[in-house]
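In: Just need the structure, nothing else, for what follows:
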Amino acid sequence: DGGAGPAGPAPQGRAQVFSTVVDAFLKKLLAAGSYQKFASCYRCFYKLQPQLTRSIYDQFLSQLQSSITEEIQEVKSEGNLEGLFNSLDKIVEEAKAREEPAWRPSGIPEQDVRSALVPYLLKHRSYLRQVLREQQEENRKVAESVLAGRDRIVELQQLIRAHKEAWQ
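Out: Purely as a prediction, here's the structure:
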């Protein structure tokens, strides 16, 4: 459909498409189990009581349909399929608005890994350099403090010697 005709119905979300596909599958599944096939499987019973066989077939079909529908609903709710489909729809819409193309693997695993890891590793290296600078600055301050302490100790030792000599 590349024509510029009138706009069709609004596009369905993935959750709606999934439900439509499941419903179509269920209809085809139930249609495949026709009354003729059912009656041929239970031929003896069908020959004795055709109306009862028909009633049993209708009940079986009804129970099968409700059981399958119930199971599908349970799977949809347990897997949070509706929410996931809506998230996927949102991601696809956001991707349509992007101007740069989405990332695609090049087919060379080493190159793909490198392209994914290099930005992270560069950022990590920058962080480590910053931490190193901070640590070096802290070490410099501690070293100055130690040297000042040593100088103070030398001064105090000289003062003690001077007092000792003066006292003697």
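
In: residues in contact with the spatially most central residue of the chain?
Out: Residue closest to the average C-alpha location in the chain (CA atoms, centre = their mean): L84, at 9.4 Å. If you count contacts by CB atoms under 8 Å, 6 or more residues apart in numbering, L84 has none. C-beta here means a position set from N, CA and C on the backbone, and glycine is covered the same way.

In: How about E165?
Out: Taking CB under 8 Å, 6+ apart, one finds nothing in contact with E165.

In: Low-confidence ranges, this structure, go.
Out: Within the chain, the stretches with pLDDT under 70 are 1-11.

In: According to the record, where do the domains of it fall?
Out: Split into domains by the TED database, the chain comes to 14-96, 113-167.

In: Please name whichever of these is nearest to W103.
Out: domain 113-167 (8.2 Å; CB to CB).

In: starting at the chain centroid, how far to the closest one?
Out: 45 Å (CA atoms, centre = their mean, to the nearest Å).

In: so V75 touches E82, yeah?
Out: No - using CB atoms under 8 Å, V75 is not in contact with E82; the gap is 11.3 Å.

In: Comparing the two, which shows the higher neighbour count?
Out: Just comparing V75 and E82: by other CB atoms under 10 Å the higher neighbour count belongs to E82, 16 against 11.

In: Could you measure from the nearest residue to the more buried one once chain neighbours are set aside over to V22?
Out: The shortest distance from E82 to any non-neighbouring residue, by CB to CB, 6 or more residues apart in numbering, is to A15 (4.9 Å). Separation of A15 from V22 (CB to CB, to the nearest Å) stands at 11 Å.

In: can you check L61 too?
Out: Going from L61 to V22 by CB to CB gives 17 Å.

In: Following element in sequence after the host helix or strand of V92, please.
Out: Per DSSP states H and E, V92 falls inside helix 81-97. Remark: after helix 81-97, the chain's next helix or strand is helix 109-167, criterion DSSP H and E.

In: gap between that following helix and the chain center?
Out: Computed by CA atoms, centre = their mean, the chain-centroid distance of helix 109-167 equals 43 Å.

In: Ok, stretch 78-88 next?
Out: Stretch 78-88 sits 11 Å away from the centroid of its parent chain (CA atoms, centre = their mean).

In: Flag every buried residue along it.
Out: L81, E82, F85 (16 or more other CB atoms under 10 Å).

In: Tell me the one of the residues you listed nearest S115?
Out: Nearest to S115 among the buried residues of stretch 78-88, counting by CB to CB, is F85 at 30.3 Å.
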